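1. Got a predicted structure here, sequence first:
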Amino acid sequence: MYTLLMLVYVVVCVALIITVLLQSSKGEGLAGAFGGGGMSGAVFGGRGAASFLSRATAVLAILFMLMAIVLSFMGPSPSGVAGGPAAVQQGGGQPAQSTPATDVPGAEPVSPAAQEIFSDPADTGK
């Protein structure tokens, strides 16, 4: 079902792009570029082309927005966002283990005096 809706969504997107490009601006727009500027008045009437294209654009835009909302709810959810615990909850309340600066490649060794200054007084593991 999701694949069928996605296919219809792509068709609506392409149709919306075409209807927007076919609308005439101050000039003839893309319709005039392909020789359809004079012909559109004969097919739709004097004012019919503008009203038809504007209605088609409005309908396609509404379909585009509604289908985008529907597909966003139907689509696969990324892991860890919905249906599972958050990253904070997965930790189990355990504090993160910090790596001493001496174990980091390329880091300068820390002197014992600096270790005493920056050590945690609550840490009794030393």
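-> That came through fine.
2. drop to CA atoms for contacts and neighbour counts, all remaining ones
-> Noted.
3. check contacts around Leu5.
-> Taking Cα atoms under 8 Å, 6 or more residues apart in numbering, we find Leu5 in contact with Met67, Leu71.
4. What of Thr19?
-> Thr19 touches Leu53, Ala56, Thr57, counting by Cα under 8 Å, 6+ apart.
5. From those residues, pick the one nearest Leu66.
-> Thr57 (14.2 Å; Cα to Cα).
6. who's in contact with the closest one?
-> Thr57 neighbours (Cα under 8 Å, 6+ apart): Leu16, Thr19, Val20.
7. Ramachandran coordinates for the first one?
-> When quoted as degrees, to the nearest 10, the phi and psi of Leu16 stand at phi -70, psi -40.
8. What's the local residue count around Val10?
-> For Val10, the count of nearby residues is 12 (other Cα atoms under 10 Å).
9. Quick check: buried residues in the host helix or strand of it?
-> According to DSSP states H and E, Val10 maps onto helix 2-22. Neighbour-count burial for helix 2-22, with 16 or more other Cα atoms under 10 Å as criterion, is recorded at Tyr9, Val12, Ala15, Leu16, Thr19, Val20, Leu22.
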